[in-house]
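**Student:** Provided below are the primary sequence and the corresponding predicted coordinates.
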Amino acid sequence: MPKIGLVFRDQVLDRLKDATYGFNTVLAAVAPDYGLAPFEINWDPATSKNFVLGMIEPAEIQDAKPLRYPLVTLFTGNGVNKKLHKPAEFDGPVDVGIDFHFSWKAAAALGDFDAMSHMVEDAMIRVFNREPNWFSGQVAYDGDIGWEKKPVKFGGENWFQLVRYYLIAEVWD
């Protein structure tokens, strides 16, 4: 079986860590619009304390790996073989998920829990849709990005929130 989801996920990761158009650069540019300090993600899963490959909750790995928030996880989600082109083994939509796990100290609770997620939302749309044609080969990304915000919850000594972004592309072998 061809590497369908992996090809798209790896292209998304390459875009996120790009020095010119990547997340850290774009977030630094939009942060002043929100009155917040930008944060940086170390996109190397081997050395990062705030980035992990795979769909996993922070609580599941916090004892095995030191974590730092905001924490980002990147994973391949769903795919459907639509068989639009023959004789391809696979040809259809594939989604990649990017989870942002935010945390705030209870003592320093924000009056506006939305500001951070809006800043990241702005950056994510710009990273993936401002400069076209960042994808290549067997991936065709048409600007399909979405997100889902989960409620802010209190746990232990901190507030937590998950915002899941997903990108959908046509991928074929």
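**Tutor:** Now that the structure is in, tell me what you want to look at.
**Student:** in the longest helix anywhere in the chain, what's buried?
**Tutor:** Of all segments of type helix in the chain, defined using DSSP state H, the longest is helix 114-129. For helix 114-129, burial by neighbour count (16 or more other C-beta atoms under 10 Å) applies to 116-128. Bear in mind the C-beta positions are built from the backbone N, C-alpha and C, glycine included.
**Student:** what does that helix rub up against?
**Tutor:** Contacts of helix 114-129 from elsewhere in the structure, counted by C-beta atoms under 8 Å, 6 or more residues apart in numbering, are 15-16, 21-23, 26-27, 30-31, 33-36, 70, 98, 100, 102, 110, 134, 141, 143, 145, 147, 149, 161, 163, 165, 167.
**Student:** Low-confidence stretches in this structure?
**Tutor:** Within the chain, the stretches with pLDDT under 70 are 1-2, 107-110.
**Student:** if I pick the residue nearest in space to the middle of it, what's in contact with it?
**Tutor:** Centroid-nearest residue in the chain: Ile98, 2.5 Å away (criterion: C-alpha atoms, centre = their mean). By C-beta under 8 Å, 6+ apart, the contact list for Ile98 reads Val12, Leu16, Val72, Thr73, Leu74, Met124, Arg164, Tyr165, Tyr166, Leu167.
**Student:** May I see those arranged in TSV, with distance to Ala88 and secondary structure as well?
**Tutor:** As requested, the contacts of Ile98 are exported to TSV (distance: C-beta to C-beta, whole Å; DSSP: H, G, I helix; E, B strand; the rest coil):
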residue	distance to Ala88	secondary structure
Val12	21	helix
Leu16	27	helix
Val72	32	strand
Thr73	30	strand
Leu74	25	strand
Met124	30	helix
Arg164	29	strand
Tyr165	27	strand
Tyr166	23	strand
Leu167	21	strand
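**Student:** quick one on the thing from earlier: mind checking which of the contacts of helix 114-129 are buried?
**Tutor:** Buried positions within those, assessed by neighbour count (16+ other C-beta under 10 Å), are 15-16, 22-23, 26-27, 30-31, 34, 36, 70, 98, 100, 102, 134, 141, 145, 147, 161, 163, 165, 167.
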